[in-house]
Every structure is written in C-alpha cells, then in structure tokens.
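Enquirer: sequence-free structure coming up:
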C-alpha cells in the first residue's frame, strides 16, 4: 500500500511555502507514494489569526523591522512561548486538526514551526500515528522550531546540527540536508550561462545584475536601482518586483531615467527565477533562506542589503563567513562596492566557486529519499520530557553569546 504524505507550512513570508512546494514536487514523483498533500495551515483558521500570522508579518518587515529583530532575540529561548503558542493554535485550528485525522498520513513534514507544534502535540497525545519531520528553512535555528515530540530534524548546515546536539537533541535524529528548493535549480548548469542569457534576450558579454524584491515585493528596490545609476561600466540590470504591481510601475518609471550604459528590465512575479539566477553575474537582495539556497545552487555571488533583523542577519553572517557574499550597509556606497566586484574577476570567480561548494540543489530529493527509506523501519518518536526540557533551556542560556 502506498504512503500518504502530508506537507505542512504557513504563509508567513513565502519561503516556507516554496520549500513545501519543492518537497511536494519530489514526493509526487515517487512510485511508493499514494497521495501527497501540501497544506498552508493558515487556510484552516479564522481571519483574525490568519492576518496575525501573514499580514502582520509583512507589515512589520516593511515598517518595524527593528521590532522583529527584538522579538526574534527575545523569543529565542527554548520553550519560552511553547505553552502559549500551543493554546492559541488549538483554539484557532480545530478544522485543521480534523483534516489531519481524516487524512491519516504516514509521514508529516513541516516547513514552518506553527504546524510542527500541533503535530507534535497530537503524536504525544497518541491522537495521530505518523512520523513528524521538521525542515528548518534558514541556516540558523530559532527556539520556536523546537518540538517536544518528533522523529527527525532536517537542517541546512553542520553548525546548526552541532548547536542542536549541544542543546541535548540526539544527533542521530538530526540530518544535514540543506534547504529544499525547486528541483529545477539543480539543472541550471553554470556552463549554460551564455545560452541562457541569449534565450532571455540578454547580451552574453555584459555583466548581469539581478535585483530581487522577493515574491511579496517588499524591499528597497527603488533605492537599489537608483543607486546603480552610478555604476561606471556597462551592465544589464534585471529587477524582479514580485507581486507588487505598484512597485513595478514605480520601477518602470524610474528606469526611464537610467544612463545609457545600463540596460534595465523590470519584471513582475516570475516562475523562471532559476533562469534569471543562472544568467546573472551578481544578485542584490535580502538573504532569505530560500533565496540564498537558490542563488548558491546557481553559483551566484550576492550583495546583501537590508537583511531583516533576526534570521536574515544570521543567514548573512554565514554567507560572509563562507565568502559567498558581501554586505552593503549604506546605499550611498552600493555602486562603489558593485563596481569593485565587477572589476575583480578573480574575486568574483572565487565567490562563484564558494557558492557552488556550499550549495545543496538536491536537498528536496535528499529529504524525500531519507524519509521514504526511514519509513520502512520501525522508529519511535523522540519525546522530550520535563527534565530534558529544563536541561535544554539551561544549555541554551549557557551557550548564548
């Protein structure tokens, strides 16, 4: 009998949903899978709760990123918000819980901590017989991802596994997988760059600067584009405006004032980001977990701007440490820093190699194969009791810098 797979996420930002979609695509190709469902859990809750998780997050990113950074740091303590979150989730997600029990999955995979908390509780209460795996969608780990009952964690890098082991989680239940991205990124061979540029109407001999505003179109893209007007050499600038039509119109108007040395193309939402990244010389944007994983798969060096305090700042730290990116703190120096990179092909080539060395383009396939292979063997969940919870909390406090 085929396996029933339930992939759970939440539309707070787009990265969690994209990771879920990548896993769904791979699971659906597996002959031993009878049915796979990918669910945004916020669709099963009331409007107030849904807005709190999705719309509020976007508003805070735009208007109060400093608050997000404060909350990220304040809440990064094991189990600090655990009881409150579980209570809110259970009050607001009764329809979702009913759907889970009716579907009776063999394997559940969570790409957001919100559904992971609920599934963990259902397994602990013996109300659900399924394996729970949690896929962390940033390079670092935040305490909200901790669940007291689980079967496996998938993390992006070895450092994160070391951190979790030091907290007291069993190392044999933590797998270094990378962050799951759409399988199309694994097919973007860097040797195809010139042909991809030609297919996209780009000049193969002129550097391509890709500016990403993210799928939601929340970024300082206008300021970035205007700053690039000061580049001292020819370049092709592609700006991905996402779903923000207002931003797209503003960028198109601004592009009309660009110097003749720049060829500018403004694009809205696209499902061909893999091709634009494969064609690019350099990516300018925010370091979200999915974005940086996609860029590394394409060997694409990055210029990080305006990282959201918290997870994106931590992602940025790893990119800088690994020589994959540079960071621009002031837009007044953006053109200067980009000019220096474009004039230093040796450094650009090394950043390209570093990106490929750290890339895990097949993360989604690796996670799916691991889960299906593991499901053939009996495995009890890890259950963290009160004593161990206290030990994990103490270890986290002792290890905080």
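Expert: Arrived safely, thanks for sending. None of the values given here were measured: they were computed from a predicted structure.
Enquirer: After the worst-scoring helix or strand of the chain on mean pLDDT, heading C-terminal, what element do we hit next?
Expert: Every helix and strand of the chain was ranked by mean pLDDT, DSSP states H and E. The lowest is helix 82-92, at a mean of 60. For helix 82-92, the succeeding helix or strand toward the C-terminus, using DSSP states H and E, is helix 94-103.
Enquirer: What is that next one packed up against?
Expert: strand 3-9, strand 33-40, helix 113-124 (3 or more Cβ pairs under 8 Å, 6 or more residues apart in numbering; DSSP states H and E). Bear in mind the C-beta positions are built from the backbone N, C-alpha and C, glycine included.
Enquirer: Need these in JSON lines (columns: mean neighbour count and distance to residue 132).
Expert: Formatted as JSON lines, these follow (neighbours: other Cβ atoms under 10 Å; distance: least, Cβ to Cβ, whole Å):
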{"stretch": "strand 3-9", "mean neighbour count": "23", "distance to residue 132": "10"}
{"stretch": "strand 33-40", "mean neighbour count": "18", "distance to residue 132": "14"}
{"stretch": "helix 113-124", "mean neighbour count": "23", "distance to residue 132": "5"}
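Enquirer: Would you format these as a markdown table with distance to residue 241 included?
Expert: Output for those, formatted as a markdown table (distance: least, Cβ to Cβ, whole Å):
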| stretch | distance to residue 241 |
| --- | --- |
| strand 3-9 | 24 |
| strand 33-40 | 23 |
| helix 113-124 | 28 |
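Enquirer: what about these, which gets the closest to residue 369?
Expert: For residue 369, the closest of the helices and strands packed on helix 94-103 is strand 33-40, at 11.8 Å, according to Cβ to Cβ.
Enquirer: Determine how far the closest one lies from the middle of the whole chain.
Expert: Relative to its parent chain, strand 33-40 has a centroid offset of 20 Å by Cα atoms, centre = their mean, to the nearest Å.
Enquirer: Could I get the average pLDDT for that strand?
Expert: Here strand 33-40 scores 94 as its mean pLDDT.
Enquirer: Going along the chain, name the strands of the stretch 151-300 of the chain.
Expert: 152-155, 174-176, 208-212, 235-240, 262-267, 282-285 (DSSP state E, counting those that start in this stretch).
Enquirer: right, so of these, which gets closest to residue 252?
Expert: That would be strand 262-267 among these, by Cβ to Cβ, at 5.0 Å.
Enquirer: got the end-to-end distance for stretch 375-388?
Expert: One end of stretch 375-388 sits 26 Å from the other (Cα to Cα, to the nearest Å).
Enquirer: Show the model's pLDDT score for the residue lying closest to residue 269 once chain neighbours are set aside.
Expert: The shortest distance from residue 269 to any non-neighbouring residue, by Cβ to Cβ, 6 or more residues apart in numbering, is to residue 243 (4.8 Å). At residue 243, the model reports a pLDDT of 84.
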